[in-house]
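Enquirer: sharing a sequence plus its predicted fold:
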Amino acid sequence: MTMTSHKTREEAQDALRFLQGFMSHAQLATIAARMRAEEQQHFFDKVVEMERHIRTMPKTYEQDGACDEAIAHLHYFLNGFDWYITERDMEREQLQAFGLACMGEEEMGYINIVELIRNGAELDLYFEPRSLRKIFAERG
């Protein structure tokens with residue numbers, strides 16, 4: 001094992017610890033298992049990318065007034081429901097966010113990330129950030 005891959009493994013493990021506040025235990029366990037399997041490098045890269053993305057996404061009110069041009073940075077999903085996070089509090093203890101909740105009706109408001117994951121919502125690791133305008137168009 002080279003130092004480069006060892007460092008990547010360490011970065012991925014650190015990233016996975018950070019992501020504990022953003023994913024369910026089941027989703028984290030699945031990713032951890034994939035980090036020990038054949039596609040490990042893909043998952044090392046993915047969790048480090050996700051951690052960096054969450055750390056740098058806009059704080060609450062930074063997109064205030066952007067309306068449907070606000071960028072959704074995270075996507076959670078569960079049973080046909082979707083939550084698109086545009087901003088989040090940067091307090092580690094307070095994982096509150098602001099964004100679009102699509103649960104039959106589309107509504108902007110505060111979203112409790114802890115409550116989402118406690119109820120089984122999964123973080124979409126492959127979501128590409130985009131404007132709410134694009135999300136509304138995709139949803140029809």
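Expert: It's in. Residues are numbered from 1 along each chain as shown.
Enquirer: walk me through the domains of this structure.
Expert: 3-56, 67-139 (automatic domain parsing).
Enquirer: wait, isn't residue 57 in contact with residue 73?
Expert: Yes. Using CB atoms under 8 Å, residue 57 is in contact with residue 73, at 4.2 Å. (Each C-beta comes from the backbone N, C-alpha and C, glycine too.)
Enquirer: can you pull the contacts of residue 74?
Expert: 22, 54, 57, 84-85, 88, 97, 99, 123-124, 127 (CB atoms under 8 Å, 6 or more residues apart in numbering).
Enquirer: would you map the helices across this protein?
Expert: Taking DSSP state H to define them, one finds helices in the chain at 3-18, 25-34, 40-56, 113-118, 132-139.
Enquirer: so for residue 64, which of those sits nearest?
Expert: helix 132-139 (13.3 Å; CB to CB).
Enquirer: what's near enough to touch the closest residue to residue 63 other than its chain neighbours?
Expert: Closest residue in space to residue 63, ignoring its immediate chain neighbours: residue 70 at 4.2 Å, by CB to CB, 6 or more residues apart in numbering. When contacts are counted by CB under 8 Å, 6+ apart, residue 70 touches 63, 86-87, 131-132.
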